[in-house]
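coords please:
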Amino acid sequence: MENVILVIHLILALCLIGVVLLQRSEGGGLGMGGGGGGGVMSARGAATALGKLTWGFAIAFIATSIALTIIAAQNSAGSSVVDRLGIENADEAGDMLPPTDDLLPPSADDAPLTPPRAD
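Numbers count the residues shown, from 1 in each chain. Predicted coordinates for the structure are as follows:
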């Protein structure tokens with residue numbers, strides 16, 4: 001089921017990208033304001049149809065995102081990374097850790113000897 005929703009999600013993403021790229025720029029921020037050019041549909045009719053398609057694809061994309069999140073949460077419920085590693089309990093986990101003596105700073109007894117001063 002997760003794979004089917006994932007495939008639908010990817011198709012929706014591609015459709016959403018395509019529909020957004022087909023829309024006419026209204027801001028002209030890049031200096032590419034949509035020019036004239038006749039077509040089958042009027043400019044206003046095309047804008048509303050592409051706008052409705054964009055909204056539809058966006059809503060479906062968000063719905064599949066939420067569905068995938070819920071499925072992923074259900075699949076991971078009750079398990080952790082430690083469970084997947086096969087560690088049974090904390091006692092066994094302690095055996096895998098490095099010795100704590102290596103992690104402590106040196107004591108005063110471990111300090112290096114200073115060479116005698118040459119006067």
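
pLDDT of the top helix by length along the chain, averaged?
Taking DSSP state H as the criterion, the chain has its longest helix at helix 43-76. The average pLDDT within helix 43-76 is 88.

For that helix, list every residue counted as buried.
For helix 43-76, a neighbour-count test (16 or more other Cβ atoms under 10 Å) marks 46, 50, 53-54, 57, 60-61, 64, 67 as buried. Using the backbone N, CA and C atoms, a C-beta is placed for each residue, glycine as well.

Report all helices and strands that that helix contacts.
On a contact count with 3 or more Cβ pairs under 8 Å, 6 or more residues apart in numbering; DSSP states H and E, helix 43-76 meets helix 2-22.

quick one: contacts of the helix it packs on?
Here helix 2-22 makes contact (Cβ atoms under 8 Å, 6 or more residues apart in numbering) with 50, 53-54, 57-58, 60-61, 64-65, 67-68, 71-72, 75.

could you redo those residues as JSON lines and give each row distance to Gln23?
Formatted as JSON lines, these follow (distance: Cβ to Cβ, whole Å):
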{"residue": "Leu50", "distance to Gln23": "5"}
{"residue": "Leu53", "distance to Gln23": "9"}
{"residue": "Thr54", "distance to Gln23": "7"}
{"residue": "Phe57", "distance to Gln23": "12"}
{"residue": "Ala58", "distance to Gln23": "13"}
{"residue": "Ala60", "distance to Gln23": "18"}
{"residue": "Phe61", "distance to Gln23": "16"}
{"residue": "Thr64", "distance to Gln23": "22"}
{"residue": "Ser65", "distance to Gln23": "22"}
{"residue": "Ala67", "distance to Gln23": "27"}
{"residue": "Leu68", "distance to Gln23": "27"}
{"residue": "Ile71", "distance to Gln23": "32"}
{"residue": "Ala72", "distance to Gln23": "32"}
{"residue": "Asn75", "distance to Gln23": "37"}
